[in-house]
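**Q** Okay, here's the prediction I keep looking at, along with the sequence it came from:
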Amino acid sequence: MKQIRHLLITGIIVAGLTAGIGILLQMVIDRMPLGGSVQADNIESLLLKHFWAIAFLFALIVGIMLYSIFAFRQKKGELEDGDYLEGNTPLELVWTIVPTGVVIWFAFLGGQSLTLMEAVDRDALRVNVTARQWSWSFEYPEHGITSDVLVLPIDDQTLLRLRSTDVVHSFWVPEFGPKQDLLPGGEVRELRINPTVAGEYTLACAELCGRQHALMLARVEVMSRTDFDAWVEMKVAEDPCALGDQVGCGQKLSQESGCQACHTVDGSPSVGPTWLGLYETEEMMSDGEMVMADQAYLIQSIREPGAHIVMGFENVMPIAISDNLTDEDVLAIIAYIESLR
Ligand code: CUA
(Lines give C-alpha, C1' and ligand atoms only; values in the text may rest on other atoms or scores of the structure.)
Protein backbone atom coordinates (compact mmCIF):
# COMPACT_ATOMS: atom_id res chain seq x y z
CA MET A 1 0.00 0.00 0.00
CA LYS A 2 2.73 2.37 1.04
CA GLN A 3 4.76 1.40 -2.04
CA ILE A 4 1.87 2.19 -4.36
CA ARG A 5 1.55 5.60 -2.72
CA HIS A 6 5.27 6.32 -3.27
CA LEU A 7 4.98 5.21 -6.91
CA LEU A 8 1.89 7.34 -7.45
CA ILE A 9 3.46 10.46 -5.97
CA THR A 10 6.76 10.06 -7.88
CA GLY A 11 4.73 9.44 -11.05
CA ILE A 12 2.90 12.74 -10.58
CA ILE A 13 6.17 14.59 -9.80
CA VAL A 14 7.92 13.14 -12.87
CA ALA A 15 4.97 13.95 -15.16
CA GLY A 16 4.73 17.51 -13.81
CA LEU A 17 8.48 18.15 -14.04
CA THR A 18 8.61 16.72 -17.58
CA ALA A 19 5.81 19.02 -18.70
CA GLY A 20 7.37 22.08 -17.01
CA ILE A 21 10.87 21.54 -18.38
CA GLY A 22 9.56 20.48 -21.78
CA ILE A 23 7.59 23.71 -22.09
CA LEU A 24 10.65 25.75 -21.02
CA LEU A 25 12.81 24.04 -23.65
CA GLN A 26 10.06 24.52 -26.24
CA MET A 27 10.25 28.25 -25.47
CA VAL A 28 13.98 28.11 -26.26
CA ILE A 29 13.21 26.55 -29.67
CA ASP A 30 10.53 29.16 -30.31
CA ARG A 31 13.16 31.87 -29.84
CA MET A 32 15.42 30.32 -32.49
CA PRO A 33 15.14 31.92 -35.92
CA LEU A 34 14.55 28.52 -37.60
CA GLY A 35 11.75 27.88 -40.06
CA GLY A 36 12.90 29.36 -43.36
CA SER A 37 13.58 26.13 -45.22
CA VAL A 38 12.67 22.45 -45.44
CA GLN A 39 16.05 21.69 -43.84
CA ALA A 40 15.39 24.05 -40.92
CA ASP A 41 11.94 22.54 -40.24
CA ASN A 42 13.57 19.15 -40.17
CA ILE A 43 16.23 20.27 -37.67
CA GLU A 44 13.56 21.92 -35.55
CA SER A 45 11.38 18.81 -35.31
CA LEU A 46 14.38 16.63 -34.44
CA LEU A 47 15.51 19.11 -31.81
CA LEU A 48 12.02 19.16 -30.31
CA LYS A 49 11.96 15.37 -29.91
CA HIS A 50 15.39 15.45 -28.25
CA PHE A 51 14.30 18.21 -25.89
CA TRP A 52 11.25 16.23 -24.72
CA ALA A 53 13.42 13.15 -24.16
CA ILE A 54 15.86 15.32 -22.17
CA ALA A 55 13.01 16.82 -20.13
CA PHE A 56 11.69 13.36 -19.24
CA LEU A 57 15.13 11.99 -18.28
CA PHE A 58 15.86 15.02 -16.12
CA ALA A 59 12.47 14.73 -14.42
CA LEU A 60 12.88 10.99 -13.87
CA ILE A 61 16.26 11.31 -12.16
CA VAL A 62 15.92 14.60 -10.32
CA GLY A 63 12.22 14.15 -9.44
CA ILE A 64 12.73 10.72 -7.85
CA MET A 65 15.89 11.88 -6.11
CA LEU A 66 14.23 14.94 -4.56
CA TYR A 67 11.20 12.89 -3.47
CA SER A 68 13.46 10.23 -1.92
CA ILE A 69 15.46 12.81 0.01
CA PHE A 70 12.18 14.00 1.52
CA ALA A 71 10.22 10.73 1.93
CA PHE A 72 13.03 8.45 3.10
CA ARG A 73 14.96 10.89 5.26
CA GLN A 74 16.11 9.79 8.71
CA LYS A 75 13.25 10.47 11.08
CA LYS A 76 13.48 11.27 14.79
CA GLY A 77 14.36 8.16 16.79
CA GLU A 78 15.54 6.13 13.78
CA LEU A 79 19.07 5.08 14.62
CA GLU A 80 19.58 1.77 12.78
CA ASP A 81 20.89 1.40 9.18
CA GLY A 82 18.47 1.17 6.27
CA ASP A 83 17.48 -2.15 4.63
CA TYR A 84 20.10 -3.84 2.47
CA LEU A 85 18.73 -4.44 -1.03
CA GLU A 86 20.44 -6.46 -3.73
CA GLY A 87 19.30 -6.87 -7.33
CA ASN A 88 15.94 -6.38 -8.97
CA THR A 89 15.81 -8.32 -12.22
CA PRO A 90 12.60 -6.82 -13.70
CA LEU A 91 13.83 -3.26 -12.97
CA GLU A 92 17.27 -3.97 -14.47
CA LEU A 93 15.68 -5.45 -17.58
CA VAL A 94 13.48 -2.36 -17.99
CA TRP A 95 16.33 0.12 -17.57
CA THR A 96 18.45 -1.76 -20.10
CA ILE A 97 15.89 -2.49 -22.80
CA VAL A 98 13.97 0.81 -22.78
CA PRO A 99 17.02 3.13 -23.15
CA THR A 100 18.53 0.84 -25.81
CA GLY A 101 15.29 1.05 -27.77
CA VAL A 102 15.16 4.85 -27.36
CA VAL A 103 18.77 5.26 -28.57
CA ILE A 104 18.07 3.06 -31.60
CA TRP A 105 14.91 5.06 -32.33
CA PHE A 106 16.82 8.34 -32.22
CA ALA A 107 19.54 6.89 -34.47
CA PHE A 108 16.78 5.99 -36.92
CA LEU A 109 15.33 9.52 -36.73
CA GLY A 110 18.83 10.96 -37.25
CA GLY A 111 19.36 8.83 -40.35
CA GLN A 112 15.96 9.79 -41.68
CA SER A 113 16.73 13.45 -41.10
CA LEU A 114 20.14 13.21 -42.79
CA THR A 115 18.48 11.64 -45.85
CA LEU A 116 16.07 14.57 -46.00
CA MET A 117 18.87 17.15 -45.54
CA GLU A 118 20.86 15.70 -48.41
CA ALA A 119 17.95 14.88 -50.71
CA VAL A 120 19.03 15.71 -54.25
CA ASP A 121 16.73 17.56 -56.63
CA ARG A 122 18.20 17.15 -60.13
CA ASP A 123 16.60 20.41 -61.26
CA ALA A 124 18.12 22.40 -58.40
CA LEU A 125 19.29 25.93 -59.21
CA ARG A 126 23.07 26.06 -59.02
CA VAL A 127 24.78 28.98 -57.34
CA ASN A 128 28.56 29.23 -56.97
CA VAL A 129 29.33 30.99 -53.70
CA THR A 130 32.73 32.58 -53.24
CA ALA A 131 33.88 33.77 -49.83
CA ARG A 132 36.91 35.92 -49.26
CA GLN A 133 38.20 38.27 -46.61
CA TRP A 134 35.63 39.79 -46.08
CA SER A 135 32.80 39.50 -48.49
CA TRP A 136 30.61 37.12 -50.46
CA SER A 137 29.76 36.84 -54.13
CA PHE A 138 27.23 34.66 -55.90
CA GLU A 139 27.54 33.41 -59.44
CA TYR A 140 24.60 31.90 -61.33
CA PRO A 141 26.38 29.82 -64.00
CA GLU A 142 23.15 28.82 -65.77
CA HIS A 143 22.24 32.48 -66.27
CA GLY A 144 25.71 34.00 -66.69
CA ILE A 145 25.26 36.54 -63.92
CA THR A 146 26.97 37.40 -60.66
CA SER A 147 25.54 39.26 -57.73
CA ASP A 148 26.49 40.44 -54.25
CA VAL A 149 22.97 39.55 -53.05
CA LEU A 150 21.95 35.90 -52.84
CA VAL A 151 18.56 35.69 -54.56
CA LEU A 152 16.70 32.37 -54.32
CA PRO A 153 13.40 31.15 -55.73
CA ILE A 154 10.96 29.91 -53.08
CA ASP A 155 10.07 26.20 -52.68
CA ASP A 156 12.64 25.00 -55.23
CA GLN A 157 15.95 23.51 -54.24
CA THR A 158 19.13 25.54 -54.62
CA LEU A 159 22.47 23.77 -54.77
CA LEU A 160 25.10 26.06 -53.29
CA ARG A 161 28.64 25.20 -54.37
CA LEU A 162 30.90 26.90 -51.86
CA ARG A 163 34.56 27.81 -52.01
CA SER A 164 36.94 30.26 -50.38
CA THR A 165 39.83 32.13 -51.98
CA ASP A 166 41.83 32.63 -48.78
CA VAL A 167 40.98 31.28 -45.32
CA VAL A 168 38.18 29.16 -43.84
CA HIS A 169 34.81 30.92 -43.79
CA SER A 170 31.40 29.49 -42.92
CA PHE A 171 28.11 29.96 -44.73
CA TRP A 172 25.23 30.46 -42.33
CA VAL A 173 21.75 31.83 -42.78
CA PRO A 174 20.27 31.08 -39.32
CA GLU A 175 16.70 30.79 -40.67
CA PHE A 176 17.80 28.13 -43.18
CA GLY A 177 19.33 25.89 -40.50
CA PRO A 178 22.57 24.15 -41.51
CA LYS A 179 26.00 25.76 -41.69
CA GLN A 180 28.70 24.83 -44.15
CA ASP A 181 32.39 25.73 -44.04
CA LEU A 182 34.10 27.11 -47.15
CA LEU A 183 37.64 25.89 -47.56
CA PRO A 184 40.57 27.41 -49.42
CA GLY A 185 42.70 25.39 -51.83
CA GLY A 186 40.12 24.77 -54.52
CA GLU A 187 37.96 22.36 -52.55
CA VAL A 188 34.25 22.85 -53.25
CA ARG A 189 31.68 22.04 -50.57
CA GLU A 190 27.98 21.69 -51.28
CA LEU A 191 24.88 22.71 -49.40
CA ARG A 192 21.28 22.20 -50.51
CA ILE A 193 18.55 24.55 -49.35
CA ASN A 194 14.83 24.56 -50.14
CA PRO A 195 13.61 27.95 -48.88
CA THR A 196 9.97 27.96 -47.81
CA VAL A 197 9.32 31.51 -46.63
CA ALA A 198 9.68 34.54 -48.89
CA GLY A 199 11.51 37.50 -47.40
CA GLU A 200 14.88 39.02 -46.63
CA TYR A 201 17.53 37.26 -44.61
CA THR A 202 21.13 37.87 -43.63
CA LEU A 203 23.96 35.55 -44.51
CA ALA A 204 26.66 35.69 -41.87
CA CYS A 205 30.15 34.26 -41.85
CA ALA A 206 30.24 31.87 -38.89
CA GLU A 207 33.99 31.21 -38.75
CA LEU A 208 36.42 33.71 -37.24
CA CYS A 209 38.34 34.81 -40.34
CA GLY A 210 40.18 38.01 -39.46
CA ARG A 211 39.61 41.62 -38.67
CA GLN A 212 36.33 42.23 -40.53
CA HIS A 213 34.80 38.81 -39.74
CA ALA A 214 31.89 40.31 -37.82
CA LEU A 215 31.00 42.48 -40.82
CA MET A 216 31.20 39.67 -43.38
CA LEU A 217 27.48 39.71 -44.14
CA ALA A 218 25.39 39.46 -47.29
CA ARG A 219 21.74 40.04 -48.05
CA VAL A 220 19.62 37.02 -48.99
CA GLU A 221 16.27 37.39 -50.75
CA VAL A 222 13.77 34.57 -51.18
CA MET A 223 11.09 35.32 -53.79
CA SER A 224 8.56 33.67 -56.08
CA ARG A 225 9.79 31.94 -59.25
CA THR A 226 8.24 34.73 -61.36
CA ASP A 227 10.05 37.45 -59.39
CA PHE A 228 13.26 35.45 -59.55
CA ASP A 229 13.04 35.13 -63.34
CA ALA A 230 12.37 38.87 -63.57
CA TRP A 231 15.41 39.56 -61.38
CA VAL A 232 17.61 37.39 -63.60
CA GLU A 233 16.35 39.17 -66.71
CA MET A 234 17.02 42.55 -65.11
CA LYS A 235 20.55 41.50 -64.07
CA VAL A 236 21.32 40.31 -67.60
CA ALA A 237 19.93 43.48 -69.21
CA GLU A 238 21.63 45.78 -66.71
CA ASP A 239 25.14 44.31 -66.76
CA PRO A 240 27.27 47.46 -67.21
CA CYS A 241 30.31 45.43 -68.26
CA ALA A 242 28.37 43.98 -71.21
CA LEU A 243 26.93 47.42 -72.04
CA GLY A 244 30.41 48.98 -72.23
CA ASP A 245 29.84 51.29 -69.24
CA GLN A 246 33.35 51.24 -67.75
CA VAL A 247 32.56 53.18 -64.57
CA GLY A 248 29.42 51.10 -63.87
CA CYS A 249 31.35 47.95 -64.63
CA GLY A 250 34.11 48.99 -62.22
CA GLN A 251 31.53 49.68 -59.51
CA LYS A 252 29.95 46.27 -60.03
CA LEU A 253 33.30 44.45 -60.07
CA SER A 254 34.48 46.26 -56.94
CA GLN A 255 31.32 45.15 -55.11
CA GLU A 256 31.47 41.57 -56.33
CA SER A 257 35.20 41.20 -55.75
CA GLY A 258 34.88 42.43 -52.21
CA CYS A 259 36.94 45.63 -52.59
CA GLN A 260 34.25 47.61 -50.84
CA ALA A 261 34.46 45.43 -47.73
CA CYS A 262 37.63 47.39 -46.88
CA HIS A 263 37.59 50.51 -49.11
CA THR A 264 34.66 52.83 -48.54
CA VAL A 265 33.36 55.07 -51.32
CA ASP A 266 31.92 57.75 -49.01
CA GLY A 267 35.09 58.91 -47.25
CA SER A 268 34.47 57.05 -43.99
CA PRO A 269 37.47 55.28 -42.42
CA SER A 270 37.89 51.49 -42.78
CA VAL A 271 40.59 48.83 -43.13
CA GLY A 272 41.94 50.36 -46.35
CA PRO A 273 42.05 53.95 -47.66
CA THR A 274 38.71 55.33 -48.84
CA TRP A 275 38.24 55.72 -52.59
CA LEU A 276 36.37 59.01 -52.33
CA GLY A 277 38.55 61.76 -53.80
CA LEU A 278 41.52 59.37 -54.01
CA TYR A 279 42.27 59.64 -57.72
CA GLU A 280 45.22 61.88 -58.54
CA THR A 281 45.75 63.10 -55.01
CA GLU A 282 49.14 62.94 -53.33
CA GLU A 283 49.37 60.43 -50.50
CA MET A 284 52.09 60.08 -47.87
CA MET A 285 53.43 56.50 -47.79
CA SER A 286 54.50 54.70 -44.63
CA ASP A 287 58.15 55.31 -45.58
CA GLY A 288 57.54 59.08 -45.80
CA GLU A 289 57.55 59.20 -49.61
CA MET A 290 54.82 61.23 -51.36
CA VAL A 291 53.13 59.32 -54.16
CA MET A 292 50.53 60.48 -56.69
CA ALA A 293 47.53 58.11 -56.78
CA ASP A 294 47.35 57.98 -60.57
CA GLN A 295 46.42 55.09 -62.84
CA ALA A 296 49.89 53.51 -62.71
CA TYR A 297 49.98 53.68 -58.92
CA LEU A 298 46.46 52.20 -58.61
CA ILE A 299 47.27 49.34 -61.00
CA GLN A 300 50.32 48.53 -58.90
CA SER A 301 48.31 48.80 -55.65
CA ILE A 302 45.78 46.26 -56.96
CA ARG A 303 48.35 43.90 -58.46
CA GLU A 304 50.94 44.19 -55.67
CA PRO A 305 49.11 45.52 -52.60
CA GLY A 306 52.28 45.57 -50.47
CA ALA A 307 54.42 47.69 -52.84
CA HIS A 308 53.47 51.13 -51.44
CA ILE A 309 51.47 51.35 -48.24
CA VAL A 310 49.66 54.53 -47.33
CA MET A 311 50.73 56.06 -43.99
CA GLY A 312 48.54 54.79 -41.15
CA PHE A 313 47.51 51.54 -42.88
CA GLU A 314 48.95 48.06 -43.07
CA ASN A 315 48.66 45.73 -46.00
CA VAL A 316 46.05 43.02 -45.37
CA MET A 317 44.73 42.87 -48.94
CA PRO A 318 44.34 39.28 -50.17
CA ILE A 319 46.29 38.71 -53.39
CA ALA A 320 43.53 36.35 -54.58
CA ILE A 321 41.40 39.40 -55.38
CA SER A 322 43.88 40.54 -58.01
CA ASP A 323 44.28 37.01 -59.36
CA ASN A 324 40.58 36.94 -60.26
CA LEU A 325 40.67 40.27 -62.17
CA THR A 326 41.67 40.72 -65.80
CA ASP A 327 43.59 43.84 -66.91
CA GLU A 328 40.31 45.26 -68.27
CA ASP A 329 38.64 44.59 -64.93
CA VAL A 330 41.41 46.51 -63.14
CA LEU A 331 41.07 49.46 -65.53
CA ALA A 332 37.29 49.47 -65.02
CA ILE A 333 37.73 49.56 -61.23
CA ILE A 334 40.21 52.43 -61.56
CA ALA A 335 37.75 54.28 -63.83
CA TYR A 336 35.20 53.87 -61.05
CA ILE A 337 37.67 55.20 -58.46
CA GLU A 338 38.38 58.15 -60.78
CA SER A 339 34.63 58.89 -60.87
CA LEU A 340 34.48 59.20 -57.07
CA ARG A 341 35.33 62.84 -56.53
CU1 CUA B 1 34.63 35.00 -43.11
CU2 CUA B 1 34.38 35.09 -40.76
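**A** Thanks, I have the structure now.

**Q** Tell me the pLDDT of residue 60.
**A** On pLDDT, residue 60 comes in at 93.

**Q** Ok, the one 4 residues further on next?
**A** Turning to residue 64, the model gives it a pLDDT of 93.

**Q** How about the backbone phi and psi for the residue nearest to it when sequence neighbours are not counted?
**A** Of all residues not flanking residue 64 in the chain, residue 10 sits nearest, at 5.3 Å (CB to CB, 6 or more residues apart in numbering). Using the backbone N, CA and C atoms, a C-beta is placed for each residue, glycine as well. Main-chain dihedrals, residue 10, degrees, to the nearest 10: phi -60, psi -40.

**Q** In contact with residue 10, which residues?
**A** By CB atoms under 8 Å, 6 or more residues apart in numbering, residue 10 lies in contact with 63, 64, 67.

**Q** can you pull the contacts of the second one?
**A** Same thing as residue 64. Contacts of residue 64 by CB under 8 Å, 6+ apart are 10, 13, 14.

**Q** Nearest to the ligand within the stretch 51-200 of the chain, name that residue for me.
**A** residue 169 (3.5 Å; CB to the nearest ligand atom).

**Q** Surely that residue is in contact with residue 181?
**A** Yes: the pair residue 169 and residue 181 passes the contact test of CB atoms under 8 Å, sitting 7.3 Å apart.

**Q** out of the two, which sits in the more crowded spot?
**A** Taking neighbours as other CB atoms under 10 Å, residue 169 and residue 181 compare with residue 169 leading, 31 against 17.

**Q** Help me confirm that residue 181 is found in a helix?
**A** No: counting by DSSP: H, G, I helix; E, B strand; the rest coil, residue 181 falls outside a helix, being strand.

**Q** ok, it touching residue 189?
**A** Yes: look at residue 181 against residue 189 with CB under 8 Å: they come within range, at 6.6 Å.

**Q** Quick check: residue 136 is in a strand.
**A** Yes: Residue 136: assigned to a strand according to three-state DSSP.

**Q** which residue packs closest to it, ignoring adjacent ones?
**A** In space, residue 136 is closest to residue 218, 4.1 Å off (CB to CB, 6+ apart).

**Q** Let me see the contact set for that neighbour.
**A** 135, 136, 138, 148, 149, 150, 202, 203.

**Q** mind checking how far it is from residue 147?
**A** Applying CB to CB, to the nearest Å, one obtains 9 Å for the distance of residue 218 from residue 147.

**Q** Need the overlap of contacts for these two.
**A** Going by CB under 8 Å, 6+ apart, residues that sit against residue 218 and also against residue 147 are residue 138.

**Q** in the sheet, who's paired with the spatially most central residue of the chain?
**A** Geometric centre of the chain, nearest residue: residue 172, 1.1 Å, by CA atoms, centre = their mean. Counting by DSSP bridges, residue 172 is bridged to residue 179, residue 204.

**Q** pLDDT score for it?
**A** Reading off the model, residue 172 has pLDDT 95.

**Q** Please enumerate the strands of the stretch 51-200 of the chain.
**A** For the stretch 51-200 of the chain, the strands defined by DSSP state E, counting those that start in this stretch occupy 125-132, 135-140, 145-147, 150-153, 158-164, 169-172, 179-182, 189-193, 199-205.

**Q** Where among those is average confidence lowest?
**A** Among the strands of the stretch 51-200 of the chain, strand 145-147 carries the lowest mean pLDDT (a mean of 86).

**Q** before we move on, back to that, the strands of the stretch 51-200 of the chain into CSV, with extra columns for distance to residue 254?
**A** As requested, the strands of the stretch 51-200 of the chain are arranged in CSV below (distance: least, CB to CB, whole Å):
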stretch, distance to residue 254
strand 125-132, 13
strand 135-140, 10
strand 145-147, 13
strand 150-153, 19
strand 158-164, 20
strand 169-172, 20
strand 179-182, 21
strand 189-193, 27
strand 199-205, 20
